[in-house]
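A.B. asks: Fold the following, please.
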Amino acid sequence: MMFAMLLVGSLNVINASAQTAAPRPSPADTVKATTKNGVAVEVAYSQPAVKGRTIGTDIAPYGKVWRTGANEATTISFNKNVTLEGKALLAGKYSLYTIPGEKEWVIIINKIAMQSGTEYKEASDVLRVTVKTGKSDAFTERLKFMIDASGKVSFVWGDKKVSFVVK
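C.D. replies: Prediction:
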């Protein structure tokens, strides 16, 4: 009898822990906006923290593909065909990667939308553009994306600001 009670109690603890996912160190966020041209843009990402590290060396190393977030790959979607920095891109949902640089970042749009952030395959890239790196107005501990009505998609992290235009 005592064994049966212990077994049932153990199963309840296992079941309860299986239903409660461990908290992620990088919280998820989604930003959505519709541009003045009627393009609905959505970016879904997880927000890594700088935590005293240096962007470009300790985290998001310069010259290497970065998932532009944490956890799963960051996704970006468009409700209609667009141009991104003047290059044509079909409507749809994509993953967003970057190659950080001191003065420029490469924005990479990859056709595999739902994937682990570490499963990047260059052969699945549909678009790459290079944009200038700016300085953020204020230090931002956690990665933050913004979309404005003009179609400018930006993210700030640490003292970096990177933007690209969607029309």
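A.B. asks: so where does Ala138 fall, helix or strand?
C.D. replies: strand 125-147 (DSSP states H and E).
A.B. asks: what's the average pLDDT for that strand?
C.D. replies: For strand 125-147, mean pLDDT is 97.
A.B. asks: Run the chain-centre distance for it.
C.D. replies: 11 Å (C-alpha atoms, centre = their mean, to the nearest Å).
A.B. asks: quick one: contacts of the helix or strand following that strand?
C.D. replies: Moving toward the C-terminus from strand 125-147, the next helix or strand (DSSP H and E) is strand 152-165. Contacts to strand 152-165, defined as C-beta atoms under 8 Å, 6 or more residues apart in numbering, come from residues 41, 43, 48, 50, 55, 60, 68, 76, 84-85, 98, 100, 105, 107, 129, 131, 133-137, 139-148, 150-151, 166. Placement of C-beta: from N, CA and C, glycine included.
A.B. asks: Quick one: buried ones out of these?
C.D. replies: When the contacts of strand 152-165 are checked for burial by 16 or more other C-beta atoms under 10 Å, the buried set is 41, 43, 48, 50, 55, 60, 68, 76, 84-85, 98, 100, 105, 107, 129, 131, 136, 140, 142-143, 145, 147, 151, 166.
A.B. asks: bridging residues for the residue nearest the centre of the chain?
C.D. replies: The centre of the chain sits closest to Thr74, judged by C-alpha atoms, centre = their mean, with a distance of 2.9 Å. On the basis of DSSP bridges, Thr74 is bridged to Leu96.
A.B. asks: do you know how far it is from Lys103?
C.D. replies: Going from Thr74 to Lys103 by C-beta to C-beta, to the nearest Å gives 22 Å.
A.B. asks: do the same with Lys152
C.D. replies: Separation of Lys152 from Lys103 (C-beta to C-beta): 19 Å.
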